[in-house]
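Visitor: dropping the sequence and predicted coords here.
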Amino acid sequence: MPGGRLTQQERQKIALGLAEDLPYAEIARRLDRPTSTVTREVDRNGGPTAYRADQAHRATEHRARRRKQAQPQGQQPLGRREEAVRAYEESFTALLVHQGLPRMTARVLTSLFVADTGSLTAAELARHLDVSPASVSKAIAFLDEQGLIRRERDERRRERYFVDEDVWYQSTIAAAQGVAQVARTAREGVTVLGRESAAAARLENIARFSDFISESMLRAAEQVRDILHTKPEPAGG
């Protein structure tokens with residue numbers, strides 16, 4: 001399987017494959033490349049409807065020159081290999097996509113998880129992922145709606161995005177409340193359909209199951225939060 005950067009000819013084949021409405025996996029098979037290579041290439045260059053081979057090739061060369069100027073040769077984050085970090089990000093992103101997140105949203109969330117600074121701006125996310133600010137903005141809006149990130153203004157009035165244990169707690173609480181809403185709506189159906197009907201019995205079971213799940217999630221979230229926020233006793237105290 002060939003490695004290294006995509007050639008201009010390969011990008012033209014990607015554009016042809018997109019025009020034929022082929023799946024990314026099929027385009028990758030024709031290039032003898034990993035599917036993730038094609039996915040990243042299309043994501044960072046406008047998406048499947050806006051991808052243009054020549055523009056993508058010029059943009060990639062421009063990004064490569066910009067990175068070379070911005071990062072002196074040999075400068076690496078302390079104690080890590082950049083290739084290993086990128087591979088880990090791909091793996092984590094794939095997991096989130098498998099669990100139902102849109103791919104760009106998963107990439108943004110993973111970037112926030114692994115950021116040493118604990119937060120990133122939209123511009124920093126766009127540079128890190130090699131995508132347009134508009135793509136980042138759409139993903140951020142989705143994550144914010146789901147309660148998976150929080151926003152703050154820094155000293156330069158830039159909006160920064162954070163993911164921490166409090167955000168994860170709030171997201172779990174929101175999910176538990178959503179399950180509780182299922183229980184309430186199911187019980188409304190019991191009254192409408194008549195308690196003696198088979199449909200009402202089915203809805204009552206859904207309501208009882210949802211109640212149990214919601215209460216268990218809330219209990220677990222509170223317990224874990226207490227543990228994470230409790231500082232250990234000093235040794236010999």
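Guide: The structure has been received and is ready for your questions. Residues are numbered from 1 along each chain as shown.
Visitor: can you pull up the most central residue in this structure?
Guide: Centroid-nearest residue in the chain, with CA atoms, centre = their mean: A106, separated by 1.6 Å.
Visitor: H98 versus that one, what's the distance?
Guide: Remark: distance between A106 and H98 (CB to CB, to the nearest Å) = 9 Å. Yep, even glycine has a C-beta here, placed from its N, CA and C like the rest.
Visitor: thinking again about what came up before, for the residue nearest to the centre of the chain, which non-adjacent residue is closest in space?
Guide: Nearest non-adjacent residue to A106, counting by CB to CB, 6 or more residues apart in numbering: L96, 3.7 Å away.
Visitor: surely that neighbour is in contact with P102?
Guide: No: L96 is not in contact with P102 according to CB atoms under 8 Å; the separation is 9.3 Å.
Visitor: looking at those two, which is more packed in?
Guide: When neighbours are counted by other CB atoms under 10 Å, L96 and P102 differ, and L96 comes out ahead with 18 against 13.
Visitor: what helix or strand is the more buried one located in?
Guide: For L96, the host element (DSSP states H and E) is helix 82-98.
Visitor: for that helix, packing partners?
Guide: Using 3 or more CB pairs under 8 Å, 6 or more residues apart in numbering; DSSP states H and E as the contact test, the elements touching helix 82-98 are helix 103-114.
Visitor: contacts for the helix it packs on next, please.
Guide: Applying CB atoms under 8 Å, 6 or more residues apart in numbering, the contact partners of helix 103-114 are 39, 43, 85, 88-89, 92-94, 96-97, 101, 119-120, 125, 128-129, 131, 135-136, 138-140, 142-143, 148-149, 161-163.
Visitor: these in helices, which ones?
Guide: Applying DSSP state H to the contacts of helix 103-114, the entries found in helices are 39, 43, 85, 88-89, 92-94, 96-97, 125, 128-129, 135-136, 138-140, 142-143.
Visitor: sorry, back to before: which of the contacts of helix 103-114 are buried?
Guide: With burial judged by 16 or more other CB atoms under 10 Å, the buried subset of these is 39, 43, 89, 92-93, 96-97, 101, 119-120, 125, 128-129, 131, 135-136, 139-140, 142-143, 148-149, 161-163.
Visitor: just confirm A176 is within a helix.
Guide: Yes: the assignment for A176 by DSSP: H, G, I helix; E, B strand; the rest coil puts it in a helix.
Visitor: where's the nearest residue to it once chain neighbours are set aside relative to Q9, distance?
Guide: Of all residues not flanking A176 in the chain, M217 sits nearest, at 3.9 Å (CB to CB, 6+ apart). Note on M217: its distance to Q9, by CB to CB, is 52 Å.
Visitor: for T121, give me its contacts.
Guide: With the criterion set at CB under 8 Å, 6+ apart, T121 makes contact with 154, 158-161.
Visitor: again, only using 10 Å
Guide: Residues near T121 by CB atoms under 10 Å, 6 or more residues apart in numbering: 127, 136, 154, 156, 158-161.
Visitor: before I go, just wanted to say thanks for your time.
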